[in-house]
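In: Provide a 3D model corresponding to the input given below.
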Amino acid sequence: MEDVFLVTGASKGLGRSLALSIASSGGIVIALARDSPELKSIEIELKQISEKSIAVSCDLAEFSQISQTAKLIISSFEHLSGIIHNAGTINPIGNMLDIEREKWERTIQVNLLGVQDLTRSLDSIIGGEKHTRLTTISSGAAQRSLHGWSAYCVSKAGLDMWTKCMAEEGENENISALAIAPGIVDTAMQKEIRDADESSFPLLQNFKDYYANGELSNPEDVAIKLLPYCLGKLGNNGDRLDVRNL
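Out: Residues are numbered from 1 along each chain as shown. So this is what the prediction gives:
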């Protein structure tokens, strides 16, 4: 049986680099993201490397789409060797008492609840006789409050604990889970951060300086470091790792 890996947020940035790295290592990739030209593009690239790889359109903010996507994946693949929960959103950036509930809720849904919904919906094809590695992409914001990032900080802190709980409960099911903080990576999310309003994000200039000074990591380089952990070859169940220490 060939190894199949699901990567969320795979249309661009770190997710795209991870999907291509996994395919290049011999894995079949299910690239999941919202519908976009970039998603169609990554499917073409993946198939040139791994012809059985596919791209699937899914908005993790919508449970109905998650449910439909899970049914499609289950009907197409017998087992998942890994899921890389990479999809995430930084917005809304703003003072937490000023942000509309719907915007705050969407961040929690995409960054945390969507991870639970998708994993639970795929329960029948993870673990069992063959191991499954669940990898969540963490952040320094999971351990540090940042003014203006309340929804993101809360969702990432929750995701870290979700990973620990999954590691605890999945161990007897041949499922392991670990979280990896990738550092500051040059992605579209970083541009969103640099476009924020300084009045609600006092650290704005710091992030502009990171970019101007060339301090952002290249997604391809980060993907190479993360690859053996995502494939389940390295890392202990329940670990929370920082890419800068790997």
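
In: what's the biggest helix in this protein, counting residues?
Out: helix 150-170 (DSSP state H).

In: hmm, who's touching it?
Out: Residues from elsewhere that reach helix 150-170 (CB atoms under 8 Å, 6 or more residues apart in numbering): 85, 88-90, 92-93, 96, 99, 103-104, 107-108, 110-112, 115-116, 119, 127, 134, 136, 138-139, 141-146, 175-179, 237-238, 240. Where C-beta positions appear, they are placed from N, C-alpha and C, glycine not excepted.

In: same question for that helix, mean pLDDT?
Out: The average pLDDT for helix 150-170 rounds to 98.

In: dump it to PDB, keeping only the CA atoms.
Out: Extracted C-alpha coordinates of helix 150-170, given in PDB (Å, rounded to 0.1, in the frame of the first residue of the first chain):
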ATOM      1  CA  SER A 150      -6.200  37.500  20.200                       C
ATOM      2  CA  ALA A 151      -8.100  35.100  17.900                       C
ATOM      3  CA  TYR A 152      -4.900  33.700  16.400                       C
ATOM      4  CA  CYS A 153      -3.100  33.300  19.700                       C
ATOM      5  CA  VAL A 154      -6.100  31.500  21.300                       C
ATOM      6  CA  SER A 155      -6.600  29.200  18.300                       C
ATOM      7  CA  LYS A 156      -2.900  28.200  18.200                       C
ATOM      8  CA  ALA A 157      -2.800  27.600  21.900                       C
ATOM      9  CA  GLY A 158      -5.800  25.400  21.600                       C
ATOM     10  CA  LEU A 159      -4.200  23.600  18.700                       C
ATOM     11  CA  ASP A 160      -1.200  22.800  20.700                       C
ATOM     12  CA  MET A 161      -3.400  21.200  23.400                       C
ATOM     13  CA  TRP A 162      -5.500  19.500  20.800                       C
ATOM     14  CA  THR A 163      -2.300  17.900  19.500                       C
ATOM     15  CA  LYS A 164      -1.300  16.700  23.000                       C
ATOM     16  CA  CYS A 165      -4.800  15.300  23.600                       C
ATOM     17  CA  MET A 166      -4.700  13.500  20.200                       C
ATOM     18  CA  ALA A 167      -1.300  12.100  21.100                       C
ATOM     19  CA  GLU A 168      -2.700  10.800  24.300                       C
ATOM     20  CA  GLU A 169      -5.900   9.300  22.900                       C
ATOM     21  CA  GLY A 170      -4.400   8.100  19.600                       C
END
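
In: what about it, distance to the chain center?
Out: Centroid separation between helix 150-170 and its chain, computed with CA atoms, centre = their mean, to the nearest Å, is 12 Å.

In: can you name the next helix or strand after it?
Out: For helix 150-170, the following helix or strand on the C-terminal side (DSSP states H and E) is strand 175-181.

In: what pLDDT does residue 1 get?
Out: With respect to pLDDT, residue 1 has a value of 73.

In: okay, helices next: where are they in this structure?
Out: Under DSSP H, the chain gives helices at 13-24, 37-49, 63-76, 101-108, 114-121, 150-170, 188-194, 204-212, 219-230.

In: so which elements touch the fifth one?
Out: When you say that, I think you mean helix 114-121. Helices and strands touching helix 114-121, by 3 or more CB pairs under 8 Å, 6 or more residues apart in numbering; DSSP states H and E, are helix 63-76, strand 82-85, helix 150-170.

In: next, the angle from that helix to helix 63-76.
Out: With axes from the mean of the first three to the mean of the last three CA atoms, to 10 degrees applied, the angle from helix 114-121 to helix 63-76 works out at 40 degrees.
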